[in-house]
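**Student:** model the following, please.
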Amino acid sequence: MRAREMLKDKIKLLCDALNNLADEPLTFMEVCGTHTVAIYRSGLRSLLPKNVSLVSGPGCPVCVTDQGEVDAAIQLANKGDLIFATYGDMLRVPGTKGSLQDLRARGADVRVVKSCDEALNLALKNPTKEVAFLGVGFETTAPSTAAVILEAAEREVENFSVLCFHKLVPPALRLLAGSKELKVDGFILPGHVSVVLGVAPYMFLPRDFKVACAIAGFEALDIMEGIVELARQVRYKDFKVSLLYARAVKPEGNPLAQKLVRRVFDEADARWRGLGEIKKSGLRLKAEFSRFDAAAKFDLRIEEVPLPSGCKCGDVLMGKITPQQCPLFAKRCNPDDPVGPCMVSSEGSCAACYKYSHKVM
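**Tutor:** Numbering: from 1, shown residues only. Modelled structure (predicted):
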């Protein structure tokens, strides 16, 4: 009980500090799905001054997977005599025609795995079947995919491949910071991604765009400290990348994870849901590992596909609107019958808003 009171006192002090610092309208964006969920769950927005706004960015890897990529995954999973392995959050993401879950209900061999090495184990246990793994996620999950591809190469596994839709956060941040449609005064940078990247990859934001930046943890107190630091940077024009999550993030990041990604992947242009194509924001397998590229192996075409009619996931991911401002929110689109991925993923803005802020009548 005493600890709870101390926490309340600390948050109150931070709110007072924020009130003193925020003498103009400020908009800050959290660029991490885990931050988004924590903000909704803790009700932090209700504590902020009226002139301080929080918007959610493209920090959910499931949500930013482009519609054409989802369709390609479903196309591949629908091939006969193939085991398709995916993370659970991707199972219910709607494609143009159904979802992976729908395919599984109709008999396709779609399996949920918790890690890429589980998919490789499926290939080892089923040598007469092709096993394709759907590789999604940011810098956080890309190193584990790279490690498994290296293992598959070393063990000469011929029936394993990866449909690689991994994406890189800094290029998306560059696009957001330079957007004329969106005015963001500061970014709460992603904690998990920063464990891998460290500080240096974000330095272009304060240098080139005069944008405040803070790497923060995921507790309510961590996030409030991050918001106060952003307001301080704006107030005193002291733009930099402040590391407030030193208990998990080292300034240099994780060199081993970075080395694994560089060893297996090249940077490539990639399409993001809502953001369009962003230069060098994705990863593709190097030529020496091309035999593990599922798109090439199965001759898949990744088409540019429009979003479902009425779905505003793209605008939510850009921070242009809140989930409640989407006309489908809590009506035609809900957790039981989602139209877009932001209502599907456990880190999706719409799912978090529905769970923690939406009052069911």
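**Student:** just the buried residues of the top strand by length along the chain, please?
**Tutor:** Here the longest strand in the chain is taken by residue count, with DSSP state E as the criterion, and it is strand 276-285. Applying a neighbour-count criterion of 16 or more other Cβ atoms under 10 Å, one finds 278, 281-285 buried in strand 276-285. Every C-beta, even on glycine, is put in place using the N, C-alpha and C of the backbone.
**Student:** ok, these vs Lys97, which is closest?
**Tutor:** Distance to Lys97, by Cβ to Cβ, is smallest for Gly282 among the buried residues of strand 276-285, at 24.3 Å.
**Student:** gap between that closest one and Glu267?
**Tutor:** Remark: distance between Gly282 and Glu267 (Cβ to Cβ, to the nearest Å) = 7 Å.
**Student:** next, show the common contact partners of these two.
**Tutor:** Both Gly282 and Glu267 are contacted by Leu168, under the criterion Cβ atoms under 8 Å, 6 or more residues apart in numbering.
**Student:** hmm, back to that, what sits up against the next helix or strand after the longest strand of the chain?
**Tutor:** Following the chain from strand 276-285 toward its C-terminal end, the next helix or strand by DSSP states H and E is helix 294-297. When contacts are taken as Cβ under 8 Å, 6+ apart, the neighbours of helix 294-297 outside the stretch itself are 72, 76, 132-133, 161-164, 290-291, 300, 302.
**Student:** and what of stretch 145-161?
**Tutor:** By Cβ under 8 Å, 6+ apart, the list of residues contacting stretch 145-161 from outside reads 116-117, 119-120, 123-124, 126-133, 135, 137, 162, 164, 166, 260-261, 263-265, 285, 289, 291-294, 297-298.
**Student:** also stretch 15-25?
**Tutor:** Counting by Cβ under 8 Å, 6+ apart, stretch 15-25 makes contact with 47-49, 51-53, 224, 227-228, 231-232, 234-235, all of which sit outside it.
**Student:** can we see that at 7 Å?
**Tutor:** 47-49, 51-52, 227-228, 231-232, 235 (Cβ atoms under 7 Å, 6 or more residues apart in numbering).
**Student:** same question for stretch 220-230.
**Tutor:** With contacts defined as Cβ under 7 Å, 6+ apart, stretch 220-230 is touched by 7, 10-11, 14, 17-18, 21, 28, 35, 38-39, 42, 44, 186, 188, 212, 214, 216, 242, 244-245.
**Student:** buried members of those into ChimeraX, please.
**Tutor:** To isolate the buried ones among the contacts of stretch 220-230 in ChimeraX, judged by 16+ other Cβ under 10 Å, type:
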select :11,14,17,18,21,28,35,38,39,42,44,186,188,212,214,216,242,244,245
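**Student:** can I get the contacts of stretch 15-25 in a markdown table with neighbour count, secondary structure and pLDDT?
**Tutor:** A markdown table is the format used below for the contacts of stretch 15-25 (neighbours: other Cβ atoms under 10 Å; DSSP: H, G, I helix; E, B strand; the rest coil; pLDDT from 0 to 100):
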| residue | neighbour count | secondary structure | pLDDT |
| --- | --- | --- | --- |
| Leu47 | 16 | helix | 86 |
| Leu48 | 19 | coil | 89 |
| Pro49 | 16 | coil | 88 |
| Asn51 | 12 | coil | 90 |
| Val52 | 22 | strand | 90 |
| Ile227 | 29 | helix | 95 |
| Val228 | 22 | helix | 93 |
| Ala231 | 26 | helix | 94 |
| Arg232 | 19 | helix | 95 |
| Arg235 | 15 | helix | 94 |
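**Student:** where does this structure have low pLDDT?
**Tutor:** Low-confidence segments of the chain (pLDDT under 70): 1-8, 358-361.
**Student:** repeat that with 50
**Tutor:** Across the chain, residues meeting the criterion (pLDDT under 50) sit at 360-361.
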